[in-house]
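> Quick one: sequence plus predicted model below, questions after.
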Amino acid sequence: MSFSWFYLYGKADFEAAAAKAAEAIAKARLQGDTSTLYTALSARGQALIKLNRSVEVEGVLAEMLEMVSRRKKLVPGDELMLLELAYSNSIAPESVTQILKIVRPFFREPAFIERGDKLAKNLGITE
């Protein structure tokens, strides 16, 4: 999983980041590791946005929404950068809104809370 972040942020090699995230997704699915799966989906979604592959991003967000809706084990906050990027690129605003509504109450770090509140305001989330 760490290689996808390295390629995403360290090298800005979005093709490699998407590929490494796909590998982590496949492995996490096999192992039933929903926390790693959720994080890897976020990394893949971010890379796909950078590659202008919005239809695939919509699929990633739909899967993440299904996970949070079913209260799967995950790390709240891992999705925030993806949600911000999707919002700023007008990708799947309904999924972005629904995911944020579910995960935002679980943010614990002040930076996540602040960014989550800002995104919620931009999306018109009032609760």
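Cool, the structure landed.
> so where's this protein uncertain?
The chain contains residues with pLDDT under 70 at 1-2, 127.
> which stretches of it form helices?
Counting by DSSP state H, the chain has these helices, from start to end: 2-5, 14-31, 34-50, 54-69, 80-88, 93-103, 110-123.
> Need the winner for burial among these.
Greatest average neighbour count among the helices of the chain goes to helix 34-50 (a mean of 23), per mean count of other CB atoms under 10 Å. C-beta: built from backbone N, CA, C; applies to glycine.
> Contacts for it next, please.
For helix 34-50, contacts defined as CB atoms under 8 Å, 6 or more residues apart in numbering pick out 1, 4-5, 7-8, 12, 14-15, 17-18, 20-22, 24-25, 27-29, 54, 56-57, 60-61, 63-64, 67, 72-75, 78-79, 81-82, 85-86, 89, 91.
> what do you get for stretch 120-127?
Stretch 120-127 is contacted from outside by 87, 93, 96, 97, 100, 101, 104, using CB under 8 Å, 6+ apart.
> was I right about the third one contacting residue 89?
No: with the criterion set as CB atoms under 8 Å, residue 96 and residue 89 do not qualify as a contacting pair; they are 10.2 Å apart.
> can you tell me how far residue 100 sits from residue 117?
According to CB to CB, to the nearest Å, residue 100 and residue 117 sit 10 Å apart.
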